[in-house]
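Chemist: what would the 3D arrangement of this be:
(one chain, ligands or ions: 1)
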Amino acid sequence: MEFRDLQRQYQYLKEEIDGAISQVLQSGRFISGSVVRELEEALAQYVGCRHCISCGNGTDALELALRALDIGPGDAVFVPDFTFFASGEVVSTVGALPVFVDVEPDTYNISAPALKAAVSAVAAQGKYRPGAVIAVDLFGQPAEYGRICQVTKEYGMYLIEDGAQGFGGRIGDKSACSFGDISTTSFFPAKPLGCYGDGGAVFTDNDSWNQKIRSLCVHGKSSQGKYDNIQIGMNSRLDSIQAAILKVKLAAFRDKEIEQVNKFAEIYTQGLKGLVGVPHILSGYKSSWAQYTIRLDCQEERAKLQEELGRRGIPVMIYYWKPMHEQQAFAGGNCQSGRNQNTVRLCETVLSLPLSPYMLQEECDEVIDNIHEILTETRI
Ligand SMILES: *Cc1c(COP(=O)(O)O)cnc(C)c1O
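Modeler: Predicted structure coming up:
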């Protein structure tokens, strides 16, 4: 069994993907070009945003968002303490101060009351200006944007949605990657919509941010082209081959995979609730299930389950075992943080299970049965 079965997806889409790659090879156009533009249009339409700017990866996408909003030295940026490192790393990259905020224990996403407390403390301190919130759609479920927006509005802050894991999620009839002033995603192979290398995208409705980001990701070019440079930028573009692959994969994602992965997540939830902590999807929300992450009673129980599942050929992963505020990179005053007890506890007890749209029902059942067996033995 694979943790995330990308080979099976390739076998299923092989003919179309091979054809799309071959077309790019024959065109001789490997950076930008019409296939990249077509993908951006399809992504913008799927998400329901005016603009989609593709770029090199999800980390660059976040940096581009911060730079478009002129976030830098003197600004505090509020980031969940429980997330992938890149969500906070980019804040330091642009010279701002990351402030790590606790998350909710069952959705794993940033806690709105904890956010409000953290912002008001920084504002009262007066040393940093509360500049932006980077909310993360962790494991595929959108963050609580309604409640988060109340805080960003009150303090005049920007909202950035880190939708690297959230692409395909929804709140009501609104899609993930449309909730921020600027939103971002990643096409790293194992993300909900992945390519065959690195890739990312930025989404916004704002015309001038769109223009600025399109310039920043090609060396700060002017509208005259890349040999006329009006600002210091980056080199962050999506390869044409990756765009061609993503066009094929986006259609499969939209037409089939998002439903399939939700079906398997529901089987896990029905099979495991009561035995372990299962992810809580808020009413009206839909997850794209970047991960299916359970919670055990304690660190020892998780270690036992992880080891025993591994021995039985069932691959599992721990996302994430270290809070952001404990990362050495942020030591020595490079971040601010509360004690964030929910985050600390999650880091000790979470375990992510194998999941993919091309999984078989038997595989899902096998994981559930083995967890029941192992925990029944260890809990006697
Ligand atoms: C993967 C990920 C990123 C970074 O994306 P890359 O394409 O790997 O640079 C950022 N934030 C979160 C939450 C992620 O999971």
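Chemist: residue contacts, the closest residue to Asp205 other than its chain neighbours?
Modeler: Closest residue to Asp205 apart from its sequence neighbours, by C-beta to C-beta, 6 or more residues apart in numbering: Arg50 at 4.6 Å. Heads up, the C-betas are built off the backbone N, CA and C, glycines and all. By C-beta atoms under 8 Å, 6 or more residues apart in numbering, the contact list for Arg50 reads Ala44, Thr204, Asp205, Asn206, Asp207, Asn210.
Chemist: who's the second one bridged to?
Modeler: Meaning Thr204. Here Thr204 sits in beta bridges with His51, Ile182, as judged by DSSP bridges.
Chemist: quick check: it touching Ser178?
Modeler: No. Using C-beta atoms under 8 Å, Thr204 is not in contact with Ser178; the gap is 9.3 Å.
Chemist: quick check: neighbours shared by these two?
Modeler: Counting by C-beta under 8 Å, 6+ apart, the shared contacts of Thr204 and Ser178 are Cys49.
Chemist: what strands flank the helix-or-strand element of the chain with minimal mean pLDDT, and is each parallel or antiparallel?
Modeler: Ranked by mean pLDDT, DSSP states H and E, the weakest helix or strand in the chain is strand 225-229, scoring a mean of 91. Paired strands of strand 225-229, with direction, are strand 221-222 (antiparallel) (DSSP bridges).
Chemist: next one: the strand it pairs with to chain centre, how far?
Modeler: Averaged C-alpha coordinates place strand 221-222 at 29 Å from its chain's average position (C-alpha atoms, centre = their mean, to the nearest Å).
Chemist: residues touching it, excluding its own?
Modeler: Residues outside strand 221-222 that contact it (C-beta under 8 Å, 6+ apart) are Ser215, Tyr227, Asp228, Asn229, Ile230, Gly233.
Chemist: which among these gets closest to the ligand?
Modeler: Nearest to the ligand, judged by C-beta to the nearest ligand atom, of the contacts of strand 221-222 is Gly233 at 17.6 Å.
Chemist: what's the closest non-adjacent residue to that closest one?
Modeler: Residue nearest to Gly233 in three dimensions, not counting chain neighbours: Gly220, with 3.2 Å by C-beta to C-beta, 6+ apart.
Chemist: how about the residues of the stretch 151-300 of the chain near the ligand?
Modeler: For the stretch 151-300 of the chain, the residues in contact with the ligand (C-beta under 6 Å from any ligand atom) are Asp162, Ala164, Gln165, Ser186, Phe188, Asp198, Gly200.
Chemist: which of the residues you listed fall within strands?
Modeler: Per DSSP state E, strands hold the following members of these: Asp162, Ser186, Gly200.
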